[in-house]
Each structure stands twice: as structure tokens, then as C-alpha cells.
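Student: Kindly generate the corresponding structure for this input.
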Amino acid sequence: MPSFQVATSDYEHFASIPWCAKHLRGRRIVSGSPASRKRKSNGEDSLYAETLKSQTTILAMLEVYEEPRSPSDRVDNIKMFLTLGSGLNGHPGICHGGIVVAILDEVIGLLIPTNQQRGSMKDMPFMTASLNTTFLRPVPTCATILARARILKIEGRKYFAEGWIEDSYGEILARADALFVTLKSAL
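Tutor: The predicted structure follows:
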């Protein structure tokens, strides 16, 4: 079983992995730690900021997208690298299915705040309304994976999107179709 040591930053960690580093190159590439990895005083995002942030769960996590040519254009595609530890096992060396669903929910959900911060979507609270997941192959632990998502269409308060998880060879391991809805009022 491989032992991972996270570099001084999640970016450095993934930049040191050749197949990940290819995705981090380019003049318009934007990367950073997802907002959900930062602890908040109200307890929001505790799942990724605390529970799943350890040497045995999700060791490192980095979101990546290509900056649109126009500052007002929407980011329709996003990537998220994750290095998974053995604390996420459902079976030896295999990530628990519930965690796989949570990863897909997270990567698809990143599209909305990324665009809200850019001013290309209204800054409204949102939630997952549905997430239909298909498991194609086991998602390995003690490994680095790539989760991807893209917006398919927007209808009023409804955001239709899809996401998938790939291994280092680009093989799709799981996929999901999602509907996110912006709320009419704050929580």
C-alpha cells in the first residue's frame, strides 16, 4: 500500500504527479483549494474542511478550471484532483460508495460558487435537488483521482450538470447526473 506525504501545498502535491501536472499547465489555468476545505465558524462545509481532511481520508484536494476568454463568461467545466486515503475504504483498497457520491456532489457543486465568485451567476444559496449516480468500476483508495463536472443547461433556478470520476489512465469509474436548485431565500 503506497504511503502519501502531502507537499507544503495541495498544488505542489498534484504538480508532483506527472499525469496531474499536465492538467495544471496553461496560461488560463486557475487552481486553488476549494472553499469547502476551509473551516468556517458556522460549521458550514465541516465534511470536507474537517471530517474528510486527514492523512487517512482526503489527503489533498485541488480545484482547477480554465479561465474563460471574457471575464463575464461562465465557467462550464471544472476539475478536482483528490488523493484518497485508506480511511475511505468500503472494501480493502476501494472507496466507499457513499464517499464516491459525496465527491461527485462536491465537484458538480463547485461550478455554482466558482461562477458566483466570478459574477457570472447570481450569488444565491443553492442545494442539490437530485444526484443520480452510476458506479462503473471501483474507485481506488491510496490513489489520486480526477473528478470532473460540467454544466449542461440552466433553466431559471435549476442547474442541470453532470460529473464523473476518472483514474490516472482517464478511465471513467463513476458518473452522476445532477440537478441543483437555487433557494428562494437564505437558509
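
Student: I would like the residues contacting the helix or strand of the chain with the lowest mean pLDDT, please.
Tutor: The weakest-scoring helix or strand in the chain, judged by mean pLDDT, DSSP states H and E, is helix 46 (a mean of 91). Applying CB atoms under 8 Å, 6 or more residues apart in numbering, the external contacts of helix 46 come out as residue 39. (Glycine included, C-beta is placed from N, CA and C.)

Student: Please state the offset of it from the chain centre?
Tutor: Mean C-alpha position of helix 46 versus that of the full chain (CA atoms, centre = their mean, to the nearest Å) differs by 15 Å.

Student: which element follows that helix toward the C-terminus?
Tutor: strand 58-66 (DSSP states H and E).

Student: list the helices and strands the following helix or strand past that next one packs on?
Tutor: Later in the chain than strand 58-66, the nearest helix or strand by DSSP H and E is strand 77-84. With contacts taken as 3 or more CB pairs under 8 Å, 6 or more residues apart in numbering; DSSP states H and E, strand 77-84 sits against helix 10-15, strand 58-66, helix 97-118, strand 143-155.

Student: Distance from the chain centre to the very next helix or strand once past strand 77-84, please.
Tutor: The helix or strand immediately downstream of strand 77-84 is strand 89-91, counting by DSSP H and E. Distance, stretch centre to chain centre, for strand 89-91: 20 Å (CA atoms, centre = their mean).

Student: Likewise for stretch 107-120?
Tutor: Worked out by CA atoms, centre = their mean, stretch 107-120 lies 12 Å from the chain centre.

Student: mean confidence score for that stretch?
Tutor: Here stretch 107-120 scores 92 as its mean pLDDT.

Student: For the remainder of this discussion, apply numbering that starts at 737.
Tutor: Yep, numbering from 737; the last one is stretch 843-856 now.

Student: And for that stretch, what's in contact with it?
Tutor: 770-772, 799, 801, 807-812, 814-816, 857-860, 862, 864, 867, 883-887, 895, 897-899, 912, 914, 916, 918.

Student: Apply the buried test to the residues you listed and list what passes.
Tutor: Among those, those buried by neighbour count (16 or more other CB atoms under 10 Å) are 770-772, 799, 801, 811-812, 814-816, 857, 862, 867, 883-885, 887, 895, 897-899, 912, 914, 916, 918.

Student: first vs last residue of stretch 824-839, how far apart are they?
Tutor: 12 Å (CA to CA, to the nearest Å).

Student: And stretch 786-795, by the same measure?
Tutor: Stretch 786-795: ends 11 Å apart by CA to CA.

Student: Repeat that for stretch 802-812.
Tutor: 9 Å.

Student: which residues are in contact with it?
Tutor: Outside stretch 802-812, the residues touching it (CB under 8 Å, 6+ apart) are 762, 764-766, 801, 813, 847, 850-851, 854-857, 886-887.
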